[in-house]
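In: Need coordinates for the following:
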Amino acid sequence: MRVRRLRGMTAALAVVAVTALAAACGGGGSGDGASGGDGAKTEVRLGFFPNITHSTALVGVKKGFFAKALGSGVTLKTATFNAGPAATEAIFSDAVDATYIGPNPAINAWSKSKGQAIKIVAGAASGGVYLVVKPEINGVADLKGKKIATPQLGNTQDVALRYWLQEKGLKTDTKGGGDVSIVPQENAQTLQTFATGDIDGAWVPEPFASRMIQESKGKTLITEADLWPNKQFVITHLIVRQEFLKEHPDLVKKLIEAHVESNAYIESDPAGAKEAINAELKDLSGKPLKDEVLESAFKNITFTNDPIASSLVTSADHAEKVGLLDPVDLNGIYDLTILNEVLAAKGRQAVNDK
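Out: Presented below is the predicted three-dimensional model:
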């Protein structure tokens with residue numbers, strides 16, 4: 001499997017919020033992945049984004065699935081990020097043990113570390129990404145000379161937008177020049193700049209797409225799922241540090257057990273899942289989503305343990321074609337062994353890395 005490595009990306013670590021959640025009373029641990037006196041790890045650090053596309057994490061944290069799976073002797077510490085490049089920096093700096101993340105930053109983490117830093121251990125979500133624009137923009141021709149935001153240079157949505165524009169014959173560059181000016185900025189800022197008219201649209205995940213539509217009269221120009229075979233593509237998966245996987249496979253298994261339980265809960269009780277999602281978002285940001293925004297965002301995403309591996313390769317190919325990637329071999333980026341063990345124990349179908 002040959003693809004290319006992200007280049008020219010200046011991702012700085014940007015932890016939006018860090019929250020310690022005790023798995024039960026007692027626990028305890030330092031912020032650097034604490035271990036007990038006998039060498040046993042007493043803290044697991046998990047990253048995710050405050051996005052509906054990361055609902056597996058939001059539900060798992062709020063419903064206590066991760067804390068329950070880890071047990072009374074291990075504390076769960078969570079960190080939230082705006083976009084994937086910041087999350088990979090946390091992996092590299094040993095600030096988290098595992099994180100939910102999109103495909104392109106995972107590819108970059110694999111490449112930068114020459115296949116030594118991370119493994120993708122489970123899929124999480126597909127879909128839930130849109131190009132939302134001002135009402136007067138009716139087609140690709142209307143985008144010329146406009147400003148379109150993405151969450152961060154080199155993140156999954158940034159690559160997707162650049163590739164789509166290139167396929168339509170419109171040029172871009174990493175400095176905001178070209179036929180369409182791409183403006184990487186945090187999703188929360190995008191809501192503000194779209195409302196004030198400082199940008200003309202954005203290629204963003206949920207719930208930001210629905211908020212732009214409902215709060216600022218934006219409209220959907222592109223549904224990214226329509227660009228993929230069977231409308232399926234990985235938008236979120238779970239990665240772990242290889243060192244963490246090697247030293248604590250038991251804890252990785254517990255994380256994956258909670259991950260599978262969370263996705264099963266989302267599937268079996270959507271109403272309860274939406275309640276948990278909104279409660280966790282309120283804890284993180286201070287306020288919940290409006291019911292209509294949550295409903296719109298939630299229905300646009302498929303939650304799945306399948307990593308949809310074929311779309312990872314395609315995402316890498318897209319990044320290569322827009323000039324953001326150098327050669328890298330992705331063979332070995334997946335380790336789905338533990339996931340398939342957990343799925344088998346629950347009588348669920350195995351997934352693969354093809």
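In: Run the chain-centre distance for the helix or strand where Q214 lies.
Out: If you go by DSSP states H and E, Q214 is part of helix 208-216. Here the centre of helix 208-216 is set off from its chain's centre by 19 Å, with Cα atoms, centre = their mean, to the nearest Å.
In: can you check stretch 242-251 too?
Out: Relative to the chain's own centre, stretch 242-251 is displaced by 21 Å; criterion: Cα atoms, centre = their mean.
In: Using PDB, write out the CA atom coordinates for it.
Out: Backbone C-alpha positions of stretch 242-251 (Å, rounded to 0.1, in the frame of the first residue of the first chain) are rendered in PDB as follows:
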ATOM      1  CA  GLN A 242       2.200   1.700  19.600                       C
ATOM      2  CA  GLU A 243       4.200   1.900  22.800                       C
ATOM      3  CA  PHE A 244       0.900   1.900  24.800                       C
ATOM      4  CA  LEU A 245      -0.400  -1.000  22.800                       C
ATOM      5  CA  LYS A 246       2.700  -3.000  23.300                       C
ATOM      6  CA  GLU A 247       3.000  -2.300  27.000                       C
ATOM      7  CA  HIS A 248      -0.700  -2.300  28.000                       C
ATOM      8  CA  PRO A 249      -2.700  -4.500  25.500                       C
ATOM      9  CA  ASP A 250      -5.100  -5.200  28.400                       C
ATOM     10  CA  LEU A 251      -6.000  -1.500  28.600                       C
END
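In: can you tell me the average pLDDT over that stretch?
Out: Mean per-residue pLDDT for stretch 242-251: 97.
In: What segments of the stretch 101-250 of the chain are strands?
Out: 118-127, 129-133, 147-150, 181-184, 201-205, 219-223, 234-241 (DSSP state E, counting those that start in this stretch).
In: returning to what we had before: buried residues in the helix holding Q214, which are they?
Out: Residues of helix 208-216 classed as buried by neighbour count (16 or more other Cβ atoms under 10 Å): 208-213, 216. Quick note: C-beta positions are derived from backbone N, CA and C, even for glycine.
In: and these as CSV, adding pLDDT and distance to I301?
Out: Putting the buried residues of helix 208-216 into CSV (pLDDT from 0 to 100; distance: Cβ to Cβ, whole Å) gives the following:
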residue, pLDDT, distance to I301
F208, 96, 13
A209, 97, 11
S210, 96, 11
R211, 97, 15
M212, 98, 16
I213, 97, 15
S216, 98, 21
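In: And P270, how far from F303?
Out: Going from P270 to F303 by Cβ to Cβ, to the nearest Å gives 10 Å.
In: just S181 next, same as before
Out: 34 Å.
In: How about L336?
Out: The gap separating L336 from F303 is 17 Å, by Cβ to Cβ.
In: who has more neighbours, those two?
Out: Higher neighbour count among L336 and F303: F303, with 25 against 22, using other Cβ atoms under 10 Å.
In: ranges for the helices of the stretch 151-300 of the chain?
Out: Ranges of helices in the stretch 151-300 of the chain, per DSSP state H, counting those that start in this stretch, are 156-167, 187-196, 208-216, 242-247, 249-268, 270-285, 291-298.
In: right, and these - which one's nearest L131?
Out: L131 lies closest, by Cβ to Cβ, to one member of the helices of the stretch 151-300 of the chain: helix 156-167, at 7.0 Å.
In: relative to helix 208-216, how tilted is that closest one?
Out: Counting by axes from the mean of the first three to the mean of the last three Cα atoms, to 10 degrees, helix 156-167 lies at 80 degrees to helix 208-216.
In: hmm, who's touching helix 156-167?
Out: Applying Cβ atoms under 8 Å, 6 or more residues apart in numbering, the external contacts of helix 156-167 come out as 84, 102-105, 129, 131, 140, 143, 148, 150-152, 171-172, 179-180, 182, 184, 203-205, 222, 224, 227, 235, 315, 318-319, 321-322, 324.
In: What average pLDDT does it get?
Out: Helix 156-167 comes out at a mean pLDDT of 97.
In: Retrieve the pLDDT associated with F81.
Out: Note for F81: predicted pLDDT of 95.
In: now swap in T190 and tell me
Out: According to the prediction, T190 has pLDDT 98.
In: Contacts only, for the nearest residue to A273 once chain neighbours are set aside.
Out: In this structure, A273 finds its nearest non-sequential neighbour in I266, 4.3 Å apart by Cβ to Cβ, 6 or more residues apart in numbering. Contact analysis of I266 by Cβ under 8 Å, 6+ apart lists 55-56, 59, 273, 303.
In: Now mean neighbour count too, for the strands of the stretch 101-250 of the chain, in TSV please.
Out: As requested, the strands of the stretch 101-250 of the chain are exported to TSV (neighbours: other Cβ atoms under 10 Å):
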stretch	mean neighbour count
strand 118-127	26
strand 129-133	26
strand 147-150	24
strand 181-184	20
strand 201-205	28
strand 219-223	17
strand 234-241	28
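In: closest to P307 out of the ones you listed?
Out: Across the strands of the stretch 101-250 of the chain, P307 has its closest neighbour in strand 118-127 (3.6 Å, Cβ to Cβ).
In: Let me know the closest of the contacts of I266 to E341.
Out: T56 (18.4 Å).
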